[in-house]
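**Student:** my questions concern the predicted model and sequence given below.
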Amino acid sequence: MNSNTSSWNAFQVVLKENLVLTLFRDEYILLHEDYQLYVLPRILESKKMAKYGRTKQKEADLEYSVAKQVERMISEVHEQALLSCDAIHCERRILLKQEIGRMVLFFTDQPSLLAPNIQMVFSALALAQSEVLWYFQHVGIASSKTKAARIIPVEIDPNDPTIGFLLDGMDRLCCLVRKYIAAIRGYALSYLSSCGGRIRFLLGTPGMVALDLDATLKGIFQRIVQHLENIPKPRRELRKDWLSVLMIVTSSRSSINIRHLEKATVSTGKEGLLSEGNAAYNWSRCVDELETQLSKYGSLKKLYFYHQHLTTVFRNTMFGPEGRPQHCCAWLGVASSFPECASSIVPEEVTKIGRDAVLYVESLVESIMGGLEGLINILDSEGGFGSLEMQLLPEQAANLMNLTSRISVPSAKSPKVAYGFQLPGYESYPENDNSIKMLEAAMQRLTNLCSIMNDMEPICVLNHVFVLREYMRDCILGNFKRRLLTVLKTDNDLQRPSVLESLIRRHTAIVHLAEQHISMDLTQGIRVVRCLLYTCLRNKQSSTLDQLLKPCATGMLKTLSRMSLSVNDLRELKAFVRIFGTYGVDRLDRMMKEHTAALLNCIDTSLRANRENLEADAGSMHSGDRIETEAIIKQIVDMDTMVGFCIQAGQAIAFDSLLAEAAGSVLEEGAPLVHSLLAGVAKHLPNDIPEKKEIRRMRRVANSVNVVGDHDSEWVRSILEEVGGASDGSWNLLPYLFTTFMTSTIWNTTAFNVDTGGLSNNIHCLARCICSVIAGSGFVRLEREYQQKQSLSNGHVTETFDAETQNRLSAETSIKSTMQLFIKFSAGIILESWNESNRSHLVAKLIFLDQLCEISPYLPRSSLESHVPYAILRSVYSQYYSKSLTPLALLSLSPRHSPAMSLAHASPALKQPHGDSTPQSSVNDSGYFKASSTHGQDQYDTENGSIRSTDIKHRNVRRSGPLDYSLSRKTKFVEGSTSSSTGPSPLPRFAVSSYVSWILNKENDFLLLVSARSPVQWAGDWKCSKRRMIQWAGDLD
């Protein structure tokens, strides 16, 4: 060792930079431990022997000093290897990362220079291969120190990002070589062609002549020159002859060694003979064995034995700060060479290694897709694109405006607002740059990753082919589907449809951003995902979305009943329609129909169970026997329960009406021609009874988008036709059953809400139920009567078209008569049940009847005025809508401020003796479902025209509020009044004060829940029973 310093230096470098020595595959030996175990004892023994023989011979002294020096160096190198081997290789990996990166950029820009420098490329590939293998060979290695008898683990960083850069650099260099392989071979052939003349010239130089080569060497050199001059012939003989020359000149038996050849030709000023021969050897290999050399220096098949560590390092570095999306190709491409490690003599290895390679690729693909989803979710979060959305809820915007107005002097720091909202201009502050940078980095990584995977070639592992584009497409669409199902619900409640639509639109924008870098149609995939969900609705499958729609419908009904502004202005339902489309609307409508059908069945059951009592009640009402009526009503079974069911039915009817209006608005926005077509067809549908199937189907389609005049009755009619309801004669008693609801205990806790225009307990929904059920059942019953007559006549229908039209008009007239009958008896029960001890419910009931007359298309507003003077309702609304500090209370107050006293002040006090309390009316009540009297019919036709042409036409038009004091109203009211009020009145009866003007100006703010409209100006002369007026005046006095 002492005589050969270069050998000792090489030995020292190997020990200093390595801890293990690989023997075969992943089998290795611990280099330093084996030196300490086998080599060091020999050195100590030699040292001991030299010490004892130092006095006898001089050579022993030299041997002793060498042994001592070697012992010290082995110990020092071991210490240095434990401390610095990883740092040395880490610096080398960083250098290779930079140099290979430069080489890739250089040769990509200048591919013509790749062929002359192919040997340098192979050297870089070999060095990078060595460093990558060294990294994984030393992961988890622990070395022991003999002196301390302890194990010291080697610090190998599992998060080293340079591994990804080296793998990517090697892969890109190999791709460049494969791309320009023909050019490299052409350059190699041209070099070999010119190399023959140079070698012939060097062989004739004076130095070579002076060497006096033997015949063997001369013959070999001549054959080499002939091979080079006969290119392109087989070059294998050329390489064999050159190797023969090297073996001869490096042999100790030869008189001419390798140094002689170099010195004999180097004086020419050109490359020596040895350099030219080596170059010819290497370039001949580039012609014949270029693929072999590339696979040798660029292959990483040995990484199979460390594939678990490979997966761990990938997951730790791929999506880290220094990870790059383009490295995915290199990490996945490594698996293609794994099966090459299998031995041909062990067939089981092919299956095992192939399976491991497939699992490795699947694991990496799963990690890559997880990272892709993570990037999409980052952009889809509130800190991503959500922070760029400028839309706020109304309450959030109001709160932000209030907080902004309080800040007069801008602070030096970024303004912070409670409730999580930032003040305007917060983006310009330096401390807020990180969020913008994070968003930009996420967008850059997403687009790069999509672009790289789109351009990546398929990964082939044995008979498995992995196409990253397909995995990416499934990942993006699967994430969209999961996101769609996730955002339907929040932690404690259902998500608002408008917010849900915004979230879906934001996620779709991210998908479109990724789609710009993918040669695939993701928009069509999104449509497929949504259509699959719609198909689940259409097929009535018990899917997750179907399970979510049930509480969605219930939640929207509750929201509707609470008069939520988000539902009242239809924005939420429009967003729902845009999200779930026609299938979602149909499915939700079907749910509401099933729920309403069950409630209508309860009404049918109640009619059947109480038929005898209701017949007796009808007789007592017509006869005017008040005491008997009260006694019979007390015998009605489960009245409060039925009231609750009818309120629920009214909620369902109101909700479906809003749903149809929303569907119609969305249809008009998206397909105005289709909406216009439906609206035009609906106006010209024949009114025959019975209707043909095609006409009925078209009417239902038009009703589903709210282009039919009376949506509610048509909807209830369709339900009754589907379930076969209203088929019993007990349905003749329906108005009397509804009349008994006026005595329910639910009125004791009912009050009018000025802000919403509705009544507490959702009792206003009862009015919608009564109007719709009476009208719908009337059409169904008349159609069934017509079908029975047709069956009795053996199918020979002799009625003309005019007769059929008359059937429709007779049905409408019958419905009007039934509604008037209900108003008459309900008003009588309300007014007769009032007394000094029980008066708190009177105002709520009167407002209820007023709202019912206003929403019904079959009743003129004068119907209620025939039983309740308008002066009473005017006084009630005046007190509610005034700015008085003493509004009407829910429970009874003092006599001066009670609702009853207010009614007394507002009503015309006719001082007449008390008479019979039986209510009288001008409406003909001789029988149920009979046409009205001539006077009533004339009044109906004169005041309102036909129901279809006037009432239905104006039903959806916003009309005047409850305090519409026009000139005609005041004139008619003065003529009808015969006396003035007695006692001080809290509000002058005929004064149009400032609060009246304010209410008229703020008319749109007072929306009724059921109808979304306020009462209209009443038509006709108001009439009231003198005896009832006398009774009220006497009681109030």
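**Tutor:** Ah, there it is.

**Student:** find the nearest non-adjacent residue to Val177, please.
**Tutor:** Leu294 (5.6 Å; Cβ to Cβ, 6 or more residues apart in numbering). (Glycine included, C-beta is placed from N, CA and C.)

**Student:** list the contacts for the one you found?
**Tutor:** 122, 125, 174, 177-178 (Cβ atoms under 8 Å, 6 or more residues apart in numbering).

**Student:** so it is in which element?
**Tutor:** helix 290-298 (DSSP states H and E).

**Student:** next: Gln788.
**Tutor:** helix 764-792.

**Student:** helices and strands around that helix, which ones?
**Tutor:** Judged by 3 or more Cβ pairs under 8 Å, 6 or more residues apart in numbering; DSSP states H and E, helix 764-792 is in contact with helix 639-670, helix 711-723, helix 734-740, helix 801-832, helix 842-855.

**Student:** list the buried residues for that helix?
**Tutor:** The neighbour-count check on helix 764-792 (16 or more other Cβ atoms under 10 Å) flags 764-784, 786 as buried.

**Student:** just want the angle from it to helix 842-855.
**Tutor:** Using axes from the mean of the first three to the mean of the last three Cα atoms, to 10 degrees, the direction of helix 764-792 lies 50 degrees away from that of helix 842-855.

**Student:** quick one: mean pLDDT over helix 764-792.
**Tutor:** Per-residue pLDDT over helix 764-792 has a mean of 84.

**Student:** quick thing: my sequence starts at 8, can you match it?
**Tutor:** With 8 as the first residue, the last one maps to helix 771-799.

**Student:** what angle do it and helix 718-730 make?
**Tutor:** Using the same axes, to 10 degrees, helix 771-799 lies at 50 degrees relative to helix 718-730.

**Student:** give me the angle between helix 771-799 and helix 808-839.
**Tutor:** Per the same axes, to 10 degrees, the angle that helix 771-799 makes with helix 808-839 is 140 degrees.

**Student:** still on that earlier bit, any idea how far the helix holding Leu301 is from the chain center?
**Tutor:** Put simply, helix 297-305 sits 49 Å off its chain's centre (Cα atoms, centre = their mean, to the nearest Å).

**Student:** quick check: buried residues in that helix?
**Tutor:** Neighbour-count burial for helix 297-305 [16+ other Cβ under 10 Å]: 297, 300-301, 304-305.

**Student:** and stretch 177-191, by the same measure?
**Tutor:** Applying 16+ other Cβ under 10 Å to stretch 177-191 flags 177-184, 187-188, 191 as buried.

**Student:** do you know the pLDDT at Pro422?
**Tutor:** At Pro422, pLDDT is 47.

**Student:** worst mean pLDDT among the helices and strands packed on helix 771-799?
**Tutor:** Minimum mean pLDDT among the helices and strands packed on helix 771-799: helix 808-839, a mean of 78.

**Student:** what is that helix packed up against?
**Tutor:** For helix 808-839, the elements it packs on are helix 741-747, helix 771-799, helix 849-862, helix 869-872, helix 941-951, judged by 3+ Cβ pairs under 8 Å, 6+ apart.

**Student:** change it to 7 Å
**Tutor:** Using 3 or more Cβ pairs under 7 Å, 6 or more residues apart in numbering; DSSP states H and E, the elements in contact with helix 808-839 are helix 741-747, helix 771-799, helix 849-862, helix 869-872.

**Student:** can you redo these as TSV with distance to Lys225?
**Tutor:** Listed next are these as TSV, based on distance: least, Cβ to Cβ, whole Å:
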stretch	distance to Lys225
helix 741-747	128
helix 771-799	117
helix 849-862	121
helix 869-872	133
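
**Student:** out of the ones you listed, flag the one nearest Glu106.
**Tutor:** Taking Cβ to Cβ, helix 771-799 is the member of the helices and strands packed on helix 808-839 nearest to Glu106, at 79.2 Å.

**Student:** the closest one relative to helix 646-677, how many degrees between them?
**Tutor:** Using the same axes, to 10 degrees: helix 771-799 against helix 646-677 is 80 degrees.

**Student:** so how far is helix 771-799 off the chain centroid?
**Tutor:** The answer for helix 771-799 is 44 Å, by Cα atoms, centre = their mean.

**Student:** out of the helices and strands packed on helix 808-839, nearest to Gly588?
**Tutor:** Nearest of those (Cβ to Cβ): helix 771-799, 26.9 Å.

**Student:** if we can go back for a sec, for the helix holding Leu301, what is the average pLDDT?
**Tutor:** Averaging pLDDT along helix 297-305 yields 92.

**Student:** and the lengthiest helix in the chain, what does it pack against?
**Tutor:** Criterion DSSP state H: the longest helix present in the chain is helix 65-116. Under the contact criterion of 3+ Cβ pairs under 7 Å, 6+ apart, helix 65-116 touches helix 12-24, helix 47-59, helix 125-144, helix 169-186.

**Student:** repeat that for 8 Å
**Tutor:** Here helix 65-116 is seen to pack against helix 12-24, helix 38-41, helix 47-59, helix 125-144, strand 149-152, helix 169-186 when contacts are counted using 3+ Cβ pairs under 8 Å, 6+ apart.
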